[in-house]
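Asks: Mind looking at a prediction? Sequence and model below.
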There are 2 protein chains.
Amino acid sequence: MNPTKEKILHAAIDLFSRNGFTGVSIREITKAVGIKESSLYNHFANKDEILETILDLFRAEFNNTLVPPEILDQILDQTDVGSFLIRGFEKYKEHIRNPMIEQLWRILQIEQYRDPRARTLMLDFLIGHTMEFLTLVFTKFIEKGKVRPDWDPELLAIEYQYPMFTMVSEFNMLKFDNRDTTAIEQRMAQHIQFFVKIVQP
Amino acid sequence: MNPTKEKILHAAIDLFSRNGFTGVSIREITKAVGIKESSLYNHFANKDEILETILDLFRAEFNNTLVPPEILDQILDQTDVGSFLIRGFEKYKEHIRNPMIEQLWRILQIEQYRDPRARTLMLDFLIGHTMEFLTLVFTKFIEKGKVRPDWDPELLAIEYQYPMFTMVSEFNMLKFDNRDTTAIEQRMAQHIQFFVKIVQP
DNA sequence: GTCTATACGAGGATAGAC
DNA sequence: GTCTATCCTCGTATAGAC
């Protein structure tokens, strides 16, 4: 991608993530980049195309974090539930440590009601795929006798992941104000411990 | 409150909840109400004062749902964890069945990053007070021998409430598009069952 | 309290020179 | 690809008549 286009995109991500799509003007974006308004239109047809590009970027980044299904069985054979979830959590923390990813999350939250694309991305893509993946993981863990067969794998996926969604959202809000996040990070770790203790055979 | 002022407020809540504060103009609000722009300023000093009034309203509505601490012990003596949580869930559903409340939730979600007041309301007030209340509830349940003393009451509050936050948020998004919500409602009920089974002595 | 009229800066976007 | 200049609509807000 053209370096100016990239600059525009990143300035837009930064601004949208703080003030929302409707709260940011083309003038602000171009001012942040250091170009004139008219120059922006050499890279994007209009303001909405910037947002569309951002949503595409989010989709791509999310796909990057998924474990390929081919190697899933192999991984699950080599680990127990606890190590698997902790490892996933560590990977997630790496992921979110990238400030741009954090900004993309915020944009999705802000635009979820105003923009149907953001809503679908959040509901069907993000929540949907994560739940599908975890349901598969717990199904296999139960088959392998590494998780108690007492509960529906889909319920386990919810019990594990849904608290995480809220904690991540809380974490993001605290970070946004530069507030202390150790308490919430500790809670995430405690949640994993709690969950593992309950599902272990 | 003056009837025109009330109409303005409700039109603003409706519009803000769909397009966000920055995505709605004074012209749109007054058009929805059927008055001229200038008339609005007889009721609110400026656009921001409308949002401030909305946030105050949310605070008041939330306070309405809290159980007074004086009568908590009495309630907890009369019920087990399951009935207590199911009853709370029913009350919550009544609460959210009010379309205005639903809209207020959406506004809070949309504005959480742009507006520090919305962020504090969400983090410290809403999440904070709910957790405080539930931690107290589980502490007392443990004292009364109605919940296993194996876990920290605060952890129990998180394990119960945090998945609910995500599910409510998901529920709201689905409802916004008039999509089917029976699956998510069923999951909420399953979550309560799961939780009760785990904490029961 | 509501209206008409108006101010005036900010908004997205384009034409055309370089 | 970037600039200057410009368009025209929308945005918040006020003054003053009724």
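Replies: Perfect, thanks for sending it.
Asks: Okay, buried residues for the longest helix along chain A please.
Replies: In chain A, taking DSSP state H as the definition, the longest helix is helix A:153-176. Within helix A:153-176, the residues that count as buried by 16 or more other Cβ atoms under 10 Å in any protein chain shown are A:153-174, A:176. C-beta: built from backbone N, CA, C; applies to glycine.
Asks: go on, stretch A:134-152?
Replies: A:134-135, A:137-142, A:146-147, A:151.
Asks: Would you mind putting those into JSON lines with distance to B:Leu51 alongside?
Replies: Shown next, in JSON lines, are these (distance: Cβ to Cβ, whole Å):
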{"residue": "A:Leu134", "distance to B:Leu51": "38"}
{"residue": "A:Thr135", "distance to B:Leu51": "40"}
{"residue": "A:Val137", "distance to B:Leu51": "43"}
{"residue": "A:Phe138", "distance to B:Leu51": "43"}
{"residue": "A:Thr139", "distance to B:Leu51": "46"}
{"residue": "A:Lys140", "distance to B:Leu51": "49"}
{"residue": "A:Phe141", "distance to B:Leu51": "47"}
{"residue": "A:Ile142", "distance to B:Leu51": "49"}
{"residue": "A:Lys146", "distance to B:Leu51": "51"}
{"residue": "A:Val147", "distance to B:Leu51": "47"}
{"residue": "A:Trp151", "distance to B:Leu51": "44"}
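Asks: In CSV, please show the C-alpha coordinates belonging to the longest helix of chain A.
Replies: This file holds the C-alpha atoms of helix A:153-176, laid out as CSV (Å, rounded to 0.1, in the frame of the first residue of the first chain):
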residue,chain,number,x,y,z
PRO,A,153,-19.2,-28.2,24.8
GLU,A,154,-21.0,-25.1,23.6
LEU,A,155,-21.9,-24.2,27.2
LEU,A,156,-18.2,-24.6,28.1
ALA,A,157,-17.2,-22.3,25.3
ILE,A,158,-19.5,-19.7,26.6
GLU,A,159,-18.5,-20.1,30.2
TYR,A,160,-14.9,-19.7,29.2
GLN,A,161,-15.1,-17.0,26.6
TYR,A,162,-17.9,-14.7,27.6
PRO,A,163,-16.4,-13.5,30.8
MET,A,164,-13.2,-12.8,28.8
PHE,A,165,-15.1,-10.6,26.4
THR,A,166,-16.3,-8.4,29.2
MET,A,167,-12.9,-8.3,30.9
VAL,A,168,-11.2,-7.4,27.6
SER,A,169,-13.7,-4.6,27.2
GLU,A,170,-13.1,-3.4,30.7
PHE,A,171,-9.3,-3.7,30.2
ASN,A,172,-9.6,-1.5,27.1
MET,A,173,-11.5,1.2,28.9
LEU,A,174,-9.1,1.3,31.8
LYS,A,175,-6.1,1.5,29.5
PHE,A,176,-7.8,4.3,27.5
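Asks: That helix vs helix B:153-176, what angle?
Replies: In terms of direction (axes from the mean of the first three to the mean of the last three Cα atoms, to 10 degrees), helix A:153-176 departs from helix B:153-176 by 100 degrees.
Asks: so how far is stretch A:39-54 off the chain centroid?
Replies: Relative to the chain's own centre, stretch A:39-54 is displaced by 23 Å; criterion: Cα atoms, centre = their mean, to the nearest Å.
Asks: From one end of that stretch to the other, what's the distance?
Replies: 19 Å (Cα to Cα, to the nearest Å).
Asks: Equivalent analysis for stretch A:119-136, please.
Replies: 24 Å.
Asks: Close to DNA strand D: what parts of chain A are there?
Replies: A:2, A:4, A:34-39, A:42-43 (Cβ under 7 Å from any atom of the strand).
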